[in-house]
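Participant: what's the 3D shape of this:
(chains A and B)
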Amino acid sequence: AQTVTQSQPEMSVQEAETVTLSCTYDTSENNYYLFWYKQPPSRQMILVIRQEAYKQQNATENRFSVNFQKAAKSFSLKISDSQLGDTAMYFCAFMKDEGAQKLVFGQGTRLTINP
Amino acid sequence: NAGVTQTPKFRVLKTGQSMTLLCAQDMNHEYMYWYRQDPGMGLRLIHYSVGEGTTAKGEVPDGYNVSRLKKQNFLLGLESAAPSQTSVYFCASSYAGGPNEQFFGPGTRLTVL
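Facilitator: Purely as a prediction, here's the structure:
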């Protein structure tokens, strides 16, 4: 079974700073996908970024980028120029390359951006 | 498009009562999922469906049943609610042939007294 671990329950940074959220996972699969989801106070889950394990290039979406280290089974999220609207719970998630596309989530990191 | 909707948004039950949570999606997605979210544990998969008339167990299926009689709807039932089922429940849906983004509903906060 796959497991996803987020070792930082809470983080807090000042607006405009850069912050990195950590995620490690355990799997024996070679092909899989990794995701970061954001859950703001509204509770709505929003996809931030995704990474295919077969791609060596790290994914980037505007201010959000990942550092994917397949051998180390590490998948961290970097948020640059953080904004107040980035305040949310962030979940790392793993998906096997199989039909049902089930997600396995980490425990989450509560990120607070301070003005 | 409404996306993924969940009914109800909040509910309080007494131990032993039953209820059904309704999830509806208007994106013609083949796959649908039910998760529960508990503090410090992230989201855990309860049941899922890869098509109309099909369901399968996820990580934490005990105490729950599901049905998918129509492609757009996925129902989650609690036959005899227990305090351990106090949680926030999320429904999600996605296209088949992935990996595809799962789109989530707004959640249902359920309290079992």
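Participant: what is the burial count for the residue nearest to residue A:54 when sequence neighbours are not counted?
Facilitator: In space, residue A:54 comes closest to residue A:31 once its chain neighbours are excluded; the distance is 6.2 Å by C-beta to C-beta, 6 or more residues apart in numbering or on different chains. (C-beta placed from N, C-alpha, C; glycine too.) Counted with other C-beta atoms under 10 Å in any protein chain shown, the burial measure for residue A:31 works out to 11 neighbours.
Participant: gap between the two ends of stretch B:11-27?
Facilitator: In terms of C-alpha to C-alpha, to the nearest Å, the two terminal residues of stretch B:11-27 are separated by 26 Å.
Participant: what do you get for stretch B:60-72?
Facilitator: 23 Å.
Participant: again with stretch B:34-51
Facilitator: One end of stretch B:34-51 sits 14 Å from the other (C-alpha to C-alpha).
Participant: please name the spatially closest residue to residue A:48 (chain neighbours excluded).
Facilitator: Of all residues apart from its sequence neighbours, residue A:36 sits closest to residue A:48 (C-beta to C-beta, 6+ apart), at 4.3 Å.
Participant: I figured the residue nearest to residue A:54 hits residue A:55, correct?
Facilitator: No. Contact criterion C-beta atoms under 8 Å: residue A:31 and residue A:55 do not qualify, at 11.0 Å.
Participant: and chain B, which residues reach chain A?
Facilitator: Listed as neighbours of chain A in chain B under the rule C-beta under 8 Å from any C-beta of the partner chain: B:31, B:33, B:35, B:40-45, B:48, B:50, B:56, B:58-59, B:88, B:90, B:92, B:94, B:96, B:98-102, B:104, B:106-107.
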